[in-house]
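1. how would this look folded up:
(5 chains)
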Amino acid sequence: MDWFDSGWGLTLIVFLPLVGVLLLLATPKAAETAQKGIALLITVACFVLSLVAIARFDFGDSHMFQMGMDLSWIPAIDARYHIGIDGISLPLLVLSCFVTVLSVIYSWNHWEEPRNPKAFLALMLVLLTGMNGTFLALDLVLFFIFFELVLLPMYFMVGVWGDRTIRKIPGFKREVETRLYAAIKFFIFTLFGSAFMLLGFLALYFNSDGGGASPTFQIPELIQRSGLFTGSVAWFIFAALFLGFAVKVPMWPLHTWLPDAHTAAPTVGSVLLAAILLKLGSYGFIRISLPILPEQARVWAPAIAILAVIGIIYGSLACLAQTDMKRLIAFSSVGHMGFVMLGIATLTEEGINASLIGMVAHGVITGLLFFLAGSMSHRYHTREMGRLGGNLKLMPLLGGIFAFTAMASLGLPGLAGFWGEFMSLLGSYQPLAGLSLGVFRTAMVFGAIGTVLTAGYLLWMLQRVNLGEPNSEWLGRNFHDADRYELAAWVPLIILIVAIGVFPDLVFGATDGAVAALVSNAFGG
Amino acid sequence: MILATEAEHAAREVLTSGPLLEWAWLIVAVPYVASLLIVLVGKRLPGKGAELAVGALGFVMLYGAVLLYLNITQGVIFESSVTVAEVGAFSLEWGWLVDGLSIMMFFLVGVVGFLVFVFAVGYMRGDVRYTFFWAAFTFFAGSMLLLVSAPNLIQLIVGWEGVGVASYLLIGHYWEDKANSSAGMKAFYTNRVADIGLTIGTIILGTALGTFRIEEINAAAGEGATAITGVAFVGAILLFFGAMGKSAQFPLHVWLPDAMAGPTPVSALMHAATMVTAGVYLVARMFPLFESLAGQHRNWVLIIGSATALLGLLALVQDDIKRVLAYSTVSQLGYMMVALGAGAYTAGLFHLWTHAFFKALLFLCSGSVIHAVHSNNMSDMGGLRKPMRVTFVTWIIGGLALVALPPFAGFFSKDEILAGLDNAGYQSVMWIGVGAAFVTALYMTRATALTFFGVYKGHGHPHESERLMTIPLVILAVLSVVAGWVNVPGVYTGLTEWLGTRQVLFEEFHPEGFEFLPLVAGLVATLLGIFIGWSIYGRDAATQEARDRLRVPGLWPFLQHRLYIDDLYWTGIVQPIKGPLARAVNWTNDYVIDAVVNGVAFATTWLGRVVYGGIDQRGIDFAYNGLSTATDEAGGAVTHLQTGKVQEYAGAFVVGALVLVVLGFVGFFVFG
Amino acid sequence: MTFADWIAEPANWAFLVLAAPVAFAGFRVVTTRNVIHAALYLVITLAGTAGLFLLLSAEFVAWVLVLVYIGAVIVLFLFGIMITRAPMGSDISLDHRRKAPAALVSAGLFAVLAWATVSAFQLTTIAAAGEVVPTDLLGNALLGRFVIPFEVVSFLLLAALIGGITVARRDLTPLEEEERRLA
Amino acid sequence: MTTIQFVLLAALLFSFGVYGLLVRRNAVLVLLAVELMLNAVNINLVAFEATLRSALAVGQVFSIFVITVAAAEVGIGLAIVLMIFRNRKSANIDELDLLKW
Amino acid sequence: MSPDLDYVALLPEIALSVTLVAVLAADLLLPRTRKYWVAIVALVGVTLTAIPLVYLAIEGNLPSVMVDGGYVVDEFALALKALFVASGYLVLLMSVSYIESERYYQGEYYFLLVASILGSVVMASSRDLITLFIGLELVTGPLFLLAGWRKGDVKSNEASLKFFLIGVLSTALLLWGMSFLYGLTGTVDFAGLAAASGDLVDNPAFVLAVLFVMVGFAFKVTAAPFHWWAPDTYEGAPTPVTAYLSVSSKAAGFVGLLLITYLALPDAASIWGPALWLLAVVSMTLGNLSALRQRNIVRLLAYSSVAQAGFMMVPFAGAAVAGSDLGAAVTATVTYLIIYAVMNLGAFAVVIAGARKTGNGEMDGWAGLGSYAPGLGLAVALFFFSLAGIPPLAGWFAKFVMFRAVIGTGNPWTLALAVIAAINTVIALVYYARVAKVVWMDPAPEAVPQGRERPVAASIGLVLGIAAVITVVLGFLPGIVASFADATRVIVAGG
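-> Next up, the predicted model:
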């Protein structure tokens, strides 16, 4: 397995999906089974490879970048093909491979108009490359490329396969189809952020040449040189990176693309968006912002914490006003990612670990919620909670899983969602020495209140969707309960939700060492 | 007076290891596994899953009994933890703690749970979601066991919330009706609010000590370690806030009456051994923490506990028999809290112990009645003592235990509480307790009279429930009598010893014998309550007229009554209590506390709409979209510069060049 | 140099004699209402310019100007005017109505150009009646140092010629084309 | 003689040319104005050459190139004007505004 | 005295000249029905030009300095010549089916196009004002006529006239500036200018001259506010000609701009730097804002190319304003230019093919193109998103080097430029994405347009294929173009 350890394994994880895209393009349009087979094969292969990566990973050295490679790529700009994996990225990589496999399985017989599995699966595979690449990249330019790579597929997923209802958009004169509005909004917001992120990367590069060293884009190298980034320049760099990552997370008040994109996206699109894409932003904070700019991280931490808490409360409150089930779930992401960011803002080992497990948990849970919401709207042809109700009666299995997932989403202890919330509150009670206790403890209290609100809207959603007598319009309709493909996609997620909840070491085992090293290197704690 | 001291404990050869203790985690695991199995295969089993549930609880009961035996004979202290993750300075652990307190809870949950489960097999037969009910019910019991077996606060939270979610599922069991699911939500939600306290309290204590282990926190608190003294008060108050939610302490009790929406066995278990006792358990478990800060926090606990104890008043105006019992539970929980607040550790837990039996009994009796008359309302009952003999007798036993007449269980525990209060110098609180005892007697007499005496006012012909239901009643009735005998001052104080087996020791007061004042005051109050109650409700509870009269107490017709003493009671004592006061309390409850709770819910929803509709959509999103519209408009404006006239282009071209040059000149020759 | 010094120099007399009509004719080129006149005024301007070139000892360029411009370009213009049937007599609609902005722009342009010129070349003088630049020098320069643009410009002329013809000529109608093919 | 006088004259002609370019409606007259401008440049070049007397008479060489290019431009311009006239029966350039915005 | 010429180094120019003559001859000799051979002759000729280019790149004795430094063939020139020849080749290829499909004058068309290519190739080597000017005129002159090549179409006529008039106006201004440069320094050689210009920066006439020269080139590169002709001309001209205008002709303008600024007037950076800064900002903003409202795809690309010109000026403007290394900025601009050429040509090939397919040049007519012509739809997405700079398509690298060139300086004005450019990147996305949206997300019209069944012409398909492959490959391995453009650091001033 030397080839695997020397970087080719990870390279394969990143680029195998692109091979899959080529294969897909070569199939005739009508050969849908072949297309699905190819997609499944490729994604499963990636997942298996990621499992191999786990097996080969040295958990004792989880703060080291392992199984990586460092090749010359664009010498003209000193950009290198430098990848590697550590305890922080490992869970996210596995998650992304895993969720994609499930998405392919789910897609097997769920196609939104206008079908076209070939194109859809191809986009999904491109997305996979982008996500995996982002988690593995150790070169800022490479990171940027992969970070951006996810935009196009998601744009098309939302725009082509998205929701066709016509909506009145606040601030617009004309009414537009949700999918069109959402797709471009997603694209513009993210591009806006990443344009500034790129400026930040370049500024990092140009300021990294202190002490006779030549400037570099290499993340590990930049972490070594974190002392070089000081003063107002560093402030601006952090600000630029913040814009890029915060849009993606998304943090309040840059979040407004998210509900629209989630609502409009096809089911699988929503799932991948929620499960993985949002994590790219928070991952960026942990991988780049904090270790490279520790001094600025201290400066910015209170602001991030405040925004995160606003996001928590605000997202929950907004959920309470929703009538559209998917939109509610989407807004819940704002709140959940608020906890993730609150954890990061504490700059402590507990907080950052919390944010990592929070990411994984949110990916699994909210991904599953979107699967379920998609399946429901597939059957009811509506997502209006006012028209739903009694779902548990019509489809006991699906409704039961829905209830379970909602419980997981509200952070029920013993399930995956709890650790992220609890640990980030824990972290914010005692943030990094020197950070304002007042801000963080207030944040903790509001975060705790946020957990109550979270429970509020999720239970409310359950009541409106799952409970009660079914609406008269569904009488006499024969709804088929969750089918084989759906269960095949969902049960692994359910198992994972419980498994992480009961045995958080699944995530912490990988992350803790890496985070400890990060915190002690960056903040001397 | 006996002071349980360390020396005394050391004298006992406490069992600290052994396979029985090492396998005690099965107590938690078995119900959970059973629950999972019921979900997965329950429908295919002959008993639709009930056998798994009952079996699991039977196992718990037996295991609990064995442990109790061990504890009685030698004492048990055992703790074991498995680390599941190391995060920063903290270890996250799952474990199990076996000591006097947890054994008592195991046994309580096991026994009461088993009996309630058996009862439920009959009661729930033919229910819409029979199998699911068993899954949730078993999960409920399992979570309670997880809670009480927790050696660390995180596991405690896990069990705590598990109980919460199970209660949500069970209270909202008949979710076809929105009111029921709302009741479930209300329960979960109120608890969630309280859990803020628990969570933050845990965080504060855990951060201060770098561990979440309960015994370490207790030890630190007992020693007055500097690491904890600064935060102990806040931490304790926050934990207590959490306990207030689960144990339905004023003003977070509002969920509990609504929780009656669930099936009666659920109410029985919830009010007896699980859920509501969790708060009391928490305070007891963390007792050294609370105790070490005596004085500071006590008043809080006492005030809240007293207020809660007086909420029994509300039971007086309820028509729903289960609600009467619910308010009764609230009031009894107040008792327990008051006891713990006054430092009477054993007394509080003793009351928990006895209360578990007789309250389960009362609920099951009410369930039996409800099963028979198909209504919860006492106005649909009456005269049931004849057709339902077993139920009637057991109810009377349970009722006597509740109103605390000797030799029934409640008498001993209540007396010990009052004695403890008296001893600790909280005489005023003791008198509140005495008052509460009076109220308890009053409403229990009322409920008994309205249900079992007079004439039947409902539909159909009620008859006694099946064996499966009555046998648990009988067993519980027996327990309701004998449970109090485990701690009779001066005679046998075994419970004090059992509960005393714990790692962190503390001093507390144990009455050596019955003390005169509390004993007499309590008894007199109770008897007075029964007497007055019977005078009002008992005599002609059968007639419609009487109930009318009772419902509108202000219009009591003087002359229709032969006994002026009735009128004296009424106008002098009952009316002020039953009328304005009770109504005032009821009004406060409905329009202030409940209104606040509902108002908070409403306001939150409203705020949600404002945030979403006002700020998000019209504010932030509008701003972004406005920006985009503005950009687009700007695009339109600049595009119209392109007029299509080539000479205008040429003009613009030359002007552009000129501007550039002039700017160049200005830049160079004006600003240098 | 004072104005008196300047006017004392005979070459400047010649300059004035030539420049005045050049300027005047230039002005009329863009203001006259008669199309033909405009072309003829341009002839005057160009001729005057050629004279100025002579004054500046640029004999060869002067004659090139006369040959190329007055000989060829102006004729081209006149043909153009006639083919496009531009109004021959004076015509008010030759100009736009809004001349003021245009005048302002050109005045501004002149001001800028003049100011720059004055401040840059205030003191430079031209040796009066200097030695005429020999034509062989120009020839050598054109075919030596500047041979490449010289060759390239021939392609430009060729392209203008061929392209001009193609663009300007009347296309055959499909009918005519058919006839032609048959013939 | 000074350089200024020639360059100022050129500037004058250049400005006239610009004016003509901006106000004339007839395309041919616009072309005339353009010639005026190019001619102004020639005056500049020759005047500078006379001032500087460079070894290769670069100014004059340049002006010859300019004259050549100007001739080519006129050819091109007139061809375009003729083409337009053929299609529209008018050589007024301000009527050409099909393409805008 | 025979001229000092290195005929080997001149082989590309000679090859093109021979092609010109051959095209003309073929046009004369071939019967009307065989005119398509002219296209083949032109294509073969231009292809053959690649041989000396490659030879020179590998074996050539570079740099070759001719006519006293007035004409230099160095790696910089060679790289740009390759760019001109390659993009010219693609435009020729694009023209084949376009020109055939209507009654055009094929022979003359190819002649003029090759002449224009020759002009740009000459410009790349020019090291004095006169050669530069003549080269520029040879690039532009034929294009005036080609823009009006659809003689029967009034729009084409109008396009041609507008282009011509603004073109000569800019020529006049350029020449005025050049005449002043000569008058102030006494030389037209870049080296001489560079030597003399240091002392002149505070001379108003010099400022004026430099700025007028800038304006002349700003016209060529369609920098706002000197871009007015471009949208109208782009829309009206035959589409391959528009493609040529927006790529080769613009590139030629940039080459001129780079040569003048970098080689001739490096010391005047304080004059042209701020001017370029202004032009860059106005171009980006105005171009993008105007493009937002366009419904005609070619017109949209026109405004987009105005904006892109702004982006291309950013590195140079930034470096000049900040006073940092101009050589790096040249590299950045040339890199941008090369990538832009590929993707923009691809975009125009798509426009030609799409217009044929839909029978429509308006965006709305393209609705649902992706559903019945997925390949074409893919190409639309590919090229337009590449123009928007979205990874992993080649455009990202162009944007990247642009930002990279300005961000390192730390000068506030430069940073402001970077921020403005960043915001403009976002605005630009809107309209690029809109095209993709129309093609993929809007429903196809009920009525089937005429050409829907017609396959894409092979020549267009070839262009699309080449451009697409390059766009994707460069997206992943931009190192190729980076090393290519890096050679441009090796500029020889000549003289």
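2. low-confidence ranges in the stretch 401-525 of chain A?
-> Along the stretch 401-525 of chain A, segments meeting pLDDT under 70 span A:525.
3. Up against chain B, what does it have?
-> Taking C-beta under 8 Å from any C-beta of the partner chain as the test, the list of the stretch 401-525 of chain A residues beside chain B reads A:407, A:412-414, A:418-419, A:422-423, A:425-426, A:429-430, A:444-445, A:448-449, A:451-453, A:455-457, A:459-460, A:463, A:466-469, A:502-505, A:508-509, A:512, A:515-516. To be clear about C-beta, it is placed using only N, CA and C from the backbone, and glycine gets the same treatment.
4. Any regions of chain A where pLDDT drops low?
-> In the predicted model of chain A, residues A:525 satisfy pLDDT under 70.
5. The residue of it found nearest chain C - how many residues pack around it?
-> The nearest approach of chain A to chain C comes at A:Ala76, 32.6 Å away (C-beta to the nearest C-beta). For A:Ala76, the neighbour count with other C-beta atoms under 10 Å in any protein chain shown is 20.
6. And for A:Gly37?
-> Neighbourhood size, A:Gly37 [other C-beta under 10 Å]: 14.
7. Report all helices and strands that the biggest helix by length in chain D contacts.
-> Using DSSP state H, we find that the single longest helix of chain D is helix D:58-88. Here helix D:58-88 touches helix C:59-64, helix C:74-83, helix C:135-143, helix C:147-168, helix D:27-52, helix E:129-147, helix E:154-185, going by 3 or more C-beta pairs under 8 Å, 6 or more residues apart in numbering or on different chains; DSSP states H and E.
8. got the end-to-end distance for stretch A:158-166?
-> Terminal residues of stretch A:158-166 lie 14 Å apart, using C-alpha to C-alpha, to the nearest Å.
9. circling back to that earlier point, measure how the longest helix of chain D sits relative to helix D:27-52, angle-wise.
-> 180 degrees (axes from the mean of the first three to the mean of the last three C-alpha atoms, to 10 degrees).
10. Tell me the secondary structure at B:His459.
-> Classification of B:His459 using DSSP: H, G, I helix; E, B strand; the rest coil returns coil.
11. and it, what does it touch?
-> Taking C-beta atoms under 8 Å, 6 or more residues apart in numbering or on different chains, we find B:His459 in contact with B:373-374, B:380.
12. Would you mind measuring from it to C:Glu179?
-> Counting by C-beta to C-beta, to the nearest Å, the gap from B:His459 to C:Glu179 is 110 Å.
13. what do you get for C:Ala50?
-> 49 Å.
14. thinking again about what came up before, show me the residues of the stretch 401-525 of chain A next to chain B that map onto helices.
-> Per DSSP H, these map to helices at A:407, A:418-419, A:422-423, A:425-426, A:429, A:444-445, A:448-449, A:451-453, A:455-457, A:459-460, A:463, A:502, A:505, A:508-509, A:512, A:515-516.
15. Filter these down to the buried ones.
-> A:407, A:418-419, A:422-423, A:425-426, A:429, A:444-445, A:448-449, A:451-453, A:455-457, A:459-460, A:463, A:505, A:508-509, A:512, A:515-516 (16 or more other C-beta atoms under 10 Å in any protein chain shown).
16. centre of the chain versus the helix or strand bottoming out on mean pLDDT in chain C, how much separation?
-> Scoring the helices and strands of chain C by mean pLDDT, DSSP states H and E places helix C:174-182 at the bottom, with a mean of 72. Its chain's average C-alpha position is 42 Å from that of helix C:174-182, according to C-alpha atoms, centre = their mean, to the nearest Å.
17. Stretch A:496-513 now?
-> Distance, stretch centre to chain centre, for stretch A:496-513: 17 Å (C-alpha atoms, centre = their mean).
18. Please apply the same query to stretch B:55-63.
-> Offset of stretch B:55-63 from its chain centre (C-alpha atoms, centre = their mean): 23 Å.
19. So which bits of it are buried?
-> Going by 16+ other C-beta under 10 Å, stretch B:55-63 has these buried residues: B:55-61, B:63.
20. Same check on stretch A:386-406?
-> Under the neighbour-count criterion of 16+ other C-beta under 10 Å, stretch A:386-406 has A:388-395, A:398-406 buried.
21. Could you pick out the longest strand of chain A?
-> What stands out as the longest strand in chain A, according to DSSP state E, is strand A:66-74.
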